[in-house]
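> can you look at this prediction? I've put the sequence above it.
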Amino acid sequence: MKEKNKITLKDVSIQKLPEMTAEDIKNLRRKLDMTQKRFATAIGCSKRTIESLEQGRYKAKGVILRLFQVFKEYPSLARA
């Protein structure tokens, strides 16, 4: 019989955030075969933000880097 309200904890390792250059970001978007607008929609930011990231005016950090990492490892999620 399955016990209700049971919580099972497992050790989970979280990878360090990757460092990505402007060129890395542009290459990821191209590998995903996405326009800047579509890529922006997929990560929840503006097209202008993607332009700035790809031109090196802004440096990607935090959750955006994590999304890029996920999209790089699981490209199908970018199109979900």
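All right, it came through fine. Predicted, not measured: the structure shown is a model, and the values here were computed from it.
> give the contact list for the residue nearest the centre of the chain.
In the chain, the residue lying closest to the centroid (C-alpha atoms, centre = their mean) is Leu67, at 1.5 Å. Neighbouring residues of Leu67 by C-beta atoms under 8 Å, 6 or more residues apart in numbering: Ala42, Ile43. From N, CA and C alone the C-beta is placed, and that goes for glycine too.
> from here on, call the first residue 2.
Shifting the count to begin at 2 puts that one at Leu68.
> sec struct for it, please.
Under DSSP: H, G, I helix; E, B strand; the rest coil, the three-state class of Leu68 is helix.
> and it, what pLDDT?
Note on Leu68: pLDDT of 94.
> then Thr42?
On pLDDT, Thr42 comes in at 95.
> what about it, which helix or strand?
According to DSSP states H and E, Thr42 maps onto helix 37-44.
> right, and the helix or strand after that helix?
Next element after helix 37-44 (DSSP H and E): helix 48-55.
> what is that next one packed up against?
In terms of contacts (3 or more C-beta pairs under 8 Å, 6 or more residues apart in numbering; DSSP states H and E), helix 48-55 is packed against helix 23-32, helix 37-44.
> pull the CA atoms of that helix into PDB?
What follows is helix 48-55, C-alpha atoms only, in PDB (Å, rounded to 0.1, in the frame of the first residue of the first chain):
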ATOM      1  CA  LYS A  48      13.800  41.000 -29.200                       C
ATOM      2  CA  ARG A  49      15.800  44.000 -28.200                       C
ATOM      3  CA  THR A  50      17.300  42.100 -25.300                       C
ATOM      4  CA  ILE A  51      18.300  39.200 -27.600                       C
ATOM      5  CA  GLU A  52      19.900  41.800 -29.900                       C
ATOM      6  CA  SER A  53      21.800  43.300 -27.000                       C
ATOM      7  CA  LEU A  54      23.000  39.900 -25.700                       C
ATOM      8  CA  GLU A  55      24.200  38.900 -29.200                       C
END
